[in-house]
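Asks: Using only what follows, build the 3D model:
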Amino acid sequence: MFAIWLTFEKEDEDYLEKIINKLSKKYNSILFKPHITIWGLTDIELNKIIKTCKNIAIEIQSFNVEFLNISHSKKFWKTVFVNLKINKNMIKIYNNLENEFQKNINYIFEPHISLIYKNMQEGNKKEILDNLKIKNQFKISSICILKYSNKIENWEIVKKINLK
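Replies: Below is the predicted model:
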């Protein structure tokens, strides 16, 4: 199974990794690379995913995503996360993926950057929200294809494609 991520230019990736690492250390949670999942799990052949993502990357330049708010949920994958304003580039990428892969998945795109994956008490989530300051925008520079595993530590980026 594969997921498709939008990933950040180096400076923003480092900024987000620092936050994820700090939260991981404080709350004893698993580390992961900062990302925006633009397409959820699919079992489509890797070569088709790569071809589709390369075609998308040819059309789209690096672009900024804007901070909306910080939130939390009961969902493990959205323990504490940054909500993002959806923009035309995200919509274009998502629509291209949906056109290619729609038969294989019913994925609803809700642009966000997860900061921690952990089943935790509401009080801890609120503590994170109260003490976290996030900058206003981040630059997306690539599309990555992730080989998914049930164990986060086994996630593997199998292909990174830079945007135009």
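Asks: just the strands in the chain please.
Replies: Taking DSSP state E as the test, the strands found in the chain are 2-8, 36-42, 63-72, 80-85, 112-116, 137-147, 156-162.
Asks: which stretch in those strands is the model least sure about?
Replies: Lowest mean pLDDT within these: strand 36-42, at a mean of 91.
Asks: Between strand 112-116 and the longest helix belonging to the chain, find me the angle.
Replies: The longest helix of the chain (DSSP state H) is helix 10-27. Put simply, helix 10-27 runs at 40 degrees to strand 112-116, going by axes from the mean of the first three to the mean of the last three CA atoms, to 10 degrees.
Asks: which ones are touching the residue located most distally from the centre of the chain?
Replies: Most distant from the centre of the chain: G123, at 24.7 Å, with distances by CA atoms, centre = their mean. Under the criterion of CB atoms under 8 Å, 6 or more residues apart in numbering, G123 has no neighbours. For glycine as for every other residue, the C-beta is placed from the backbone atoms N, C-alpha and C.
Asks: any idea how far K160 lies from I143?
Replies: K160 is 8 Å from I143, where distance means CB to CB, to the nearest Å.
Asks: quick revisit: closest to L23 out of the strands of the chain?
Replies: strand 112-116 (4.5 Å; CB to CB).
Asks: Would you pull up how far the closest one lies from the middle of the chain?
Replies: Put simply, strand 112-116 sits 7 Å off its chain's centre (CA atoms, centre = their mean, to the nearest Å).
Asks: what comes into contact with it?
Replies: By CB under 8 Å, 6+ apart, strand 112-116 touches 16, 19-20, 23-24, 27, 29, 32, 34-36, 70, 77-84, 128, 132, 138.
Asks: what does stretch 45-59 give?
Replies: By CB under 8 Å, 6+ apart, stretch 45-59 touches 2, 4, 42, 92-93, 96-97, 100-101, 142-143, 145, 158-159, 161-164.
Asks: Out of those residues, which end up buried?
Replies: With burial judged by 16 or more other CB atoms under 10 Å, the buried subset of those is 2, 4, 42, 93, 96-97, 100-101, 142-143, 145, 159, 161, 163.
Asks: Grab the two from these that are most spread out in space.
Replies: T42 and L163 (20.7 Å).
Asks: ok, back up a step: I'd like a version of the strands of the chain in JSON lines, one that adds distance to K51 as further columns.
Replies: Below are those laid out as JSON lines (distance: least, CB to CB, whole Å):
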{"stretch": "strand 2-8", "distance to K51": "13"}
{"stretch": "strand 36-42", "distance to K51": "14"}
{"stretch": "strand 63-72", "distance to K51": "22"}
{"stretch": "strand 80-85", "distance to K51": "27"}
{"stretch": "strand 112-116", "distance to K51": "27"}
{"stretch": "strand 137-147", "distance to K51": "11"}
{"stretch": "strand 156-162", "distance to K51": "10"}
